[in-house]
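Colleague: Quick one, structure for this:
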Amino acid sequence: MIINDQDNRFKVGDLVHTKVNSDVKMIVRKYYAKIYYCTFADLPMKKELALFERELVNEKQESKQIANH
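Modeller: Okay, here's the model as predicted:
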């Protein structure tokens, strides 16, 4: 299976959070088969989450949207 790395919106190392819980910051550790594997920024030893792109928001994108309003 060939995966185009250009399809993903978030890059490894990006700081993100879920749409439903913006207080919990996560770091993208890996992107594979359209799934983002994220570790908790404040608790790196906690079990990581596997999330779809539609569930995530980039911290930089959100701050730009707030500044434009």
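
Colleague: got the contact list for V12?
Modeller: Contacts for V12 (C-beta atoms under 8 Å, 6 or more residues apart in numbering) come out as 28-31. No exception for glycine: its C-beta is placed from N, CA and C like everyone else's.

Colleague: now those residues in JSON lines, with pLDDT?
Modeller: Listed next are those as JSON lines, based on pLDDT from 0 to 100:
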{"residue": "V28", "pLDDT": "97"}
{"residue": "R29", "pLDDT": "96"}
{"residue": "K30", "pLDDT": "96"}
{"residue": "Y31", "pLDDT": "95"}
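
Colleague: of all these, which two lie farthest apart?
Modeller: Greatest spacing in the contacts of V12, by C-beta to C-beta: R29 and Y31 (8.8 Å).

Colleague: neighbour-wise, which of these two wins?
Modeller: Y31 (20 against 14; other C-beta atoms under 10 Å).

Colleague: Correct me if wrong, but the more buried one is in a strand.
Modeller: Yes - assessed with DSSP: H, G, I helix; E, B strand; the rest coil, Y31 lies in a strand.

Colleague: what's the burial count for T39?
Modeller: 17.

Colleague: Would you mind pulling up the elements that the host helix or strand of it packs against?
Modeller: Following DSSP states H and E, one finds T39 within strand 35-40. Under the contact criterion of 3 or more C-beta pairs under 8 Å, 6 or more residues apart in numbering; DSSP states H and E, strand 35-40 touches strand 21-32, strand 49-51.
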